[in-house]
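1. Please find the sequence and the predicted model below.
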Amino acid sequence: MFITKMSLPRRTFLRGVGVSMALPLLEAMVPAFTATAKTAANPRLRFGAVYVPHGAIMDQWTPPAGDGLTFTPILKPLEPLRDQVSVISNLFRAGEADHAVSVAAWLSSAVPKRTEAEDVRLGVTLDQIIAKEIGRETPFPSLELATEDFTGYVGGCSPGYSCAYMNTLAWADPTTPLPMEINPRVVFERLFGRAGTAAQRVARMERNRSVLDSIREDARELQNGLGAADRARLDGYLDDIREIERRIQQTEVKNKTHVTSLDTPLGVPDVYGDHAGLMFDLATVAYQADLTRVFTFMMAREASFKTYPEVEITIPHHPLSHHGNNPTLISTHAKLNTYHASLFSKFVAKLRATPDGDGSLLDHSLILYGSGMSNGNAHSAGPLPLLAVGGGMGKGDRHIQTAAKTPLGNMWVSVAEKFGVEVKSIGGSNGKVDLG
Amino acid sequence: MRKEVFAVLRCSALLYAIQALGCRPGVSPEPRRSKNAEKSTEGTFVHRHVTKIWLVALTSGLLAWSSALNGPYAAPLQTAVPPAAPPARAFVNQYCVTCHNTRLKTGDLALDAIDPVNVAANAEIWEKVVRKLRTGAMPPLGARRSDEATSKHVVDWLETELDRSAASNPNPGRPALHRLNRAEYANAIRDLLDLDVDVASLLPPDDAAYGFDNIADVLGVPPVLLERYVDAAAEISELAVGAPDIPSGAETYRVRQDLSQDRHIEGLPMGTVGGLLVRHTFPLDAEYVLQAKLYRTNVGTMRGLAYEHDVEITVDGKRVQLARIGGDADLRALFKNENTTALGDQVDARLQVRLRVPAGPHAVGVSFLAKSASADTRQLQAFIRSSSDTYDWGGDPHIDTFTITGPFNATGSGDTPARRRIFACRPATETAESACARTILSTLAHRAYRQPVPEKDLQRLLTFYQAGRRDGTFDAGIQSALQRILASPKFVFRAERDPANVTPGTPYRLSDLELASRISFFLWSSIPDDELLKVAEQGKLGTPAVLAQQVRRMLADRKSGALVSNFGGQWLQLRNLRNMTPNSEEFPDFDDNLRQAFQRETEMFFESIMREDHNVLDLLSADYTFVNERLARHYGLPGIYGSQFRRVTVADETRKGLFGKGAVLMVTSHVDRTSPVARGKWILQNLMGTPPPPPIPDVPPFPEGEAQKSRSVRERMEQHRANPVCANCHRVMDPLGFALENFDAVGAWRTRDGGTPIDPTGQLADGTSVDGVVMLRQALLKRPEVLVTTLTEKLMTYGVGRGVSYYDMPAVRAVVRDAARNNYRFSSLILGIVNSQPFRMRMKAPVEN
């Protein structure tokens, strides 16, 4: 019989988030869990990186030089968040003009080894550098999210380059790409345990509590006649029962006032905007519950053939990006750039609306948004479209113009600094970017 | 020779002088086994031989370490050997202390200082000596060696002494409180509830030690696990009972991209090719949406639309959907429409069906109807793997994923195997309910807790039943109590209680019920069945005849397949196959069909040894194996057609036994080349019981890259290990691996490597010269007791759930001796282990303070 469940995306995902560290609580337990972590006196800084493929129509992205920040057509959706937005211009990435290299060289700032086989080699990516520092305190060191299903893609995805380079933003070490999960339901269950509506989960939680209370007696009986070491093992078990009960109790109190009432998604939504929105919601809740402080999200894949009928874009993204300077195609591409930016801005607005300690989640975040390509028509390596939001940047409403052709890695070194991570260099960096 | 070695030295001259002798200071050959016991005091016995060689070393003019010669080494031998010296003394003095003395501590071992009369006082050290002598691994090649007869005489004497001492002072060890690992948990649920669960999605992975994931010591209880158990208990009880409010969800099964889909896949309907078959548990009688999706190339174009193909979806072998894809219309659309994504989505939409499915497990499949050979639409294909070109949109279509979404519009819990198993009675009236609940729950708890259930435990369950019943139906009450059973530590842990009337720190016999659990978790990785429980509760399990009869019954049961997947899969490292992807540029033919066939072949082979009760040495030499067409093609066996596996006689000597199995050869290779080191290590560790120590730090990289490709792995390896420190272990490991060099990294036969003819010759640690796999096998079979001892140790580790230690070796030897009288039959090993002290007994915890 050929019956196999071997390659469920869920499991692939597990390897990515390092499930051995800890596993999620019920969603409704979340606020209590937060309470056991650091308090508002010491707000934790979260990192995020959101990738869009094929670059942008740069003259509709880049703000004009000069003081202050002007919101160009593509950036327009972010204008309501002006005080939290910094645009960083003139950065260039390493490597040749290629789709796989664009995504691989983004957070790593390194040049991928040219191979279509399994002997891939890149560098550690910024998110993982940061996760190694701040990810240990949370159940999931990092989350890797995407929208397009390419887990089955192996071999070469762009001439000379393995799909591994194109399939993820995150590399734990130079030879370990971390798989990205596209199914919101899988993400949800990993983060919060069982599926169901918010009400079902609360009901289950109460049942779990009575089960926990009752199995305490079993554990005590089991201890009779055991040696010291075995008894100690069960003592730990009894302590765990108490601790979980306490958390459930706190949650029940908080539940009445403070609940993220996200129902479990059924699977992958049909409409892209819903899908991307759900992934952003999951990242928000994961931040809020302090289940992770690091996430990466590939909003679409390099060389994506995705269309966006919900905003009347029916030409697949990749051919569209090769606009050949056709004004109609350029304007459609800019429209798509703006659509992606608008989805991102909804996420940022949600972070701003979510209280966290003495401020909002946005106050305690530093989130990057950009692409590893500049002009998609030419696959060019710069100047790259990049912006950063969140209190982690210090201040917003800025247009940071670096010297021409500054290596992207310089920016990453400075971002890492904001997280208290001192690194000499990242990938091909040769300095820093002054972030004030 | 020795001079040459010195000439290349830069580091500590002392170190290398020792190297020149073949001694390895301070590196234990078995680093995991106790360090402390080997810290002996300054020795007094040193043989003259030593001094002589040191002088040779000195005269080479490179050494400036005169201080090292002070003390016992420079002094003449002080004779303190008792008049009636036991055989070990003279032997050790003559052949061992040259290196293994208090000063050099080669391999962290000083044999000059220990008492060879009272062997029991240093049992751990002597066991190590026995092991090395039995395998012929010591003294090293190039050093003085005794003849086989003398060596055997000494080892026999040492073993007799060690066994005698163990008999008068037994130490059966003390495994820690055991927790069910994932495989055991899943099997227990299967046997308790007749329900298959995807345990990987319910519980976190377990840690492993000593090569197995059922070792009590490392099966800890992190806080998160408790929550997962409680959650899993909820989810499983809902699924088993068929709770009407089970939430809808989507489960996606993925076909590995490297699966070839141009051939029939076993289990799918005849006359189909490709696709996948899953056994899916449908939670309720309800509607479900089945959706297959086709593979798209790495640039997003759906593959295989050039010609018409019919896709069939089946439930339990019955067709529920037949959809046509491809052909002129689709192809025209593909060319006309720039939007390949939308076209692909349109085609995928035809592969969806919404239908009612009764609750319970069903085999759901999706595949392509095979075309007759005359209408073969396939392209000429360069490689066996049908999906090897990830850009090519031509050729055959491939299934990529299969998603089952639901339940929707549920009508009931249905009649499932799980419900039949749980509901031993169905109350006709409300008044009959509580008596029925009592029957159901006492039966379930009895099986789950693996012992009689006292009234107070039953009352706790009934409390949950009543709470559930109050808020819902009878079924809801049972479900609530079932969650309570599954969450209980009495289900999740396997406790063994120290009897009160036994002196702390002394051994005692396990109770019959504890023994029953040990046996069932050993043979079935699961809970005991009713018969075993009954025999144990009647106090009959201790009777040798009853015990043997039960073990034989259980071995014959299907459930003993757990020994194949859990023991065999870990011992032979078959589990690693799944995660290995050979480099597709070096091995473009390699596909998942072959990977699965590798695993299947070796599992079936191991299972045949077990079920047919062969001599376990047949694992190395049996003249049969199991193949299907794909595997036969790989091995070059003609005349085998079809996807189903069949037993075939192996005439080719090189393919006999484990060394001819693709699975073994592939898990011991790198993705792009063989690794004689990994193969040697695999043999030392899994067959000979003498694992090599870990490599020294800062190993220089193996010569790789284009420039190296013209040289054979062996040539590169020989250069790589030129460093004498490395050579010490590698000259033991590598020849074993070199003998297998005729098999490439995916186990195919070859005569050349990188343009160089294969050189499979070498000299093994015991001096035997081998030339290729056949001679290697013969060399290992010369010492059958070594192979059987290693297998026994592995089985005992797995069976008792703790690492086997020196004090277990007398028991291991007893098992091997008894098995030898039974022609080393598989069952004789199992029965021997079940009857051994470590398995039947336990050491009571010492007094606490």
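-> That came in fine, so what should we check first?

2. use CA for all of it now, contacts and neighbours both
-> Noted.

3. Averaged pLDDT, stretch B:477-489. What do you get?
-> The average pLDDT within stretch B:477-489 is 96.

4. actually stretch B:417-437, not the one I typed
-> In this model, stretch B:417-437 has an average pLDDT of 95.

5. Stretch B:301-316 now?
-> What stretch B:301-316 shows for mean pLDDT is 94.

6. and the residue lying farthest from the centre of chain B, what are its phi and psi?
-> Most distant residue from the mean C-alpha position of chain B: B:Lys336, 53.0 Å away (C-alpha atoms, centre = their mean). When read as degrees, to the nearest 10, the backbone of B:Lys336 gives phi -80, psi -40.

7. per-residue pLDDT, it?
-> At B:Lys336, the pLDDT value in this model is 80.

8. and what of B:Ala292?
-> In this model, B:Ala292 is scored at 96, pLDDT.

9. in the host helix or strand of A:Arg209, what's buried?
-> Secondary structure assignment for A:Arg209, by DSSP states H and E: helix A:198-223. For helix A:198-223, the neighbour count (16 or more other C-alpha atoms under 10 Å in any protein chain shown) marks A:198, A:200-202, A:204-209, A:211-212, A:214-217, A:219, A:222-223 as buried.

10. What of stretch A:384-399?
-> By 16+ other C-alpha under 10 Å, the buried positions in stretch A:384-399 come out as A:384-393, A:395-399.

11. Over to stretch A:224-235?
-> Within stretch A:224-235, the residues scored as buried using 16+ other C-alpha under 10 Å are A:226-227, A:230-231, A:233-234.

12. From B:His280, how far out is the closest residue to A:Asp397 other than its chain neighbours?
-> Nearest residue to A:Asp397, sequence neighbours excluded (C-alpha to C-alpha, 6 or more residues apart in numbering or on different chains): A:Asp83, at 4.8 Å. According to C-alpha to C-alpha, to the nearest Å, A:Asp83 and B:His280 sit 52 Å apart.

13. Can you pick out the residue with more neighbours from the two?
-> The neighbour comparison of A:Asp83 against B:His280 (other C-alpha atoms under 10 Å in any protein chain shown) goes to B:His280, with 19 against 16.

14. and the residue positioned nearest the centre of chain B, what element?
-> Using C-alpha atoms, centre = their mean, the residue of chain B that lies closest to the mean C-alpha position is B:Gln570, 0.5 Å off. If you go by DSSP H and E, B:Gln570 is part of helix B:569-571.

15. can you list contacts of the next helix or strand after that helix?
-> Next along the chain after helix B:569-571, taking DSSP H and E as the criterion, comes helix B:592-611. Identification of contacts with helix B:592-611 by C-alpha atoms under 8 Å, 6 or more residues apart in numbering or on different chains yields B:256, B:258-260, B:555-556, B:561, B:564-565, B:568-569, B:574, B:577-578, B:614-616, B:618-619, B:625-628, B:630-631, B:658, B:661-663, B:826-827.

16. what about 6 Å?
-> B:258-259, B:626, B:662-663, B:826 (C-alpha atoms under 6 Å, 6 or more residues apart in numbering or on different chains).

17. Contacts for the helix or strand following that helix, please.
-> Where DSSP H and E defines the elements, the next helix or strand beyond helix B:592-611 is helix B:618-621. If you take C-alpha under 6 Å, 6+ apart as the criterion, helix B:618-621 is touched by B:656-658.

18. any chance of those in JSON lines, plus neighbour count?
-> Shown next, in JSON lines, are these (neighbours: other C-alpha atoms under 10 Å in any protein chain shown):
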{"residue": "B:Lys656", "neighbour count": "23"}
{"residue": "B:Gly657", "neighbour count": "22"}
{"residue": "B:Leu658", "neighbour count": "21"}
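
19. These: which ones sit near chain A?
-> When contact is defined as C-alpha under 6 Å from any C-alpha of the partner chain, the contacts of helix B:618-621 do not meet chain A at all.

20. Which one of these is nearest to chain A?
-> Proximity of the contacts of helix B:618-621 to chain A was ranked by C-alpha to the nearest C-alpha; the top entry is B:Leu658 with 23.4 Å.

21. Can you check the pLDDT for the closest one?
-> 98.

22. Also B:Val27?
-> On the pLDDT scale, B:Val27 gets 44.

23. Just confirm yes or no for the strand ranked longest in chain B near chain A.
-> Identified as the longest strand of chain B according to DSSP state E is strand B:399-412. No: contact of strand B:399-412 with chain A (C-alpha under 6 Å from any C-alpha) is absent, the minimum separation being 7.5 Å.
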